[in-house]
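J.: Let's see this in three dimensions:
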Amino acid sequence: SVQNEINLASQSTDGYKRQFKVPLDIRGIEYTLIVGDDMINIKTSDEKFSTALPIPKISGTIVKGTNTIEKINGEIILNA
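T.: I've put the predicted structure just below:
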């Protein structure tokens, strides 16, 4: 869903702003979520699941819980 939110913002016009939530865990399992190098990296604490998903370039960081994404002057910004 994070990848979808970022892609939606990238396709929107300047002034786009929206809040979305990232779950605190995945089916009761802790995980890390790192945004960098035009990718989102997700890894569960039990190391049974790990994936990297492509995304457009963004600024800011993502957090578990409520996030705000916006597009200003063609730039996608998370939690400014």
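
J.: measure stretch 46-62 end to end?
T.: End-to-end span of stretch 46-62 (C-alpha to C-alpha, to the nearest Å): 21 Å.

J.: residues of it that come out buried?
T.: Residues of stretch 46-62 classed as buried: Ile55, Ile58, Gly60, Ile62 (neighbour count, 16 or more other C-beta atoms under 10 Å). Every C-beta, even on glycine, is put in place using the N, C-alpha and C of the backbone.

J.: Mind putting those residues into a markdown table with secondary structure and pLDDT?
T.: Shown next, in a markdown table, are the buried residues of stretch 46-62 (DSSP: H, G, I helix; E, B strand; the rest coil; pLDDT from 0 to 100):
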| residue | secondary structure | pLDDT |
| --- | --- | --- |
| Ile55 | coil | 95 |
| Ile58 | strand | 93 |
| Gly60 | strand | 92 |
| Ile62 | coil | 92 |
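
J.: contacting residues around the longest strand along the chain?
T.: In the chain, taking DSSP state E as the definition, the longest strand is strand 65-72. Applying C-beta atoms under 8 Å, 6 or more residues apart in numbering, the external contacts of strand 65-72 come out as 5-6, 9-10, 12-22, 24, 76-80.

J.: Can you show me the helices along this protein?
T.: 2-11 (DSSP state H).

J.: And Glu30, how close does it get to Phe49?
T.: Glu30 sits 11 Å away from Phe49, going by C-beta to C-beta, to the nearest Å.

J.: what's the answer for Gly60, then?
T.: With C-beta to C-beta as the criterion, Gly60 and Phe49 are 25 Å apart.
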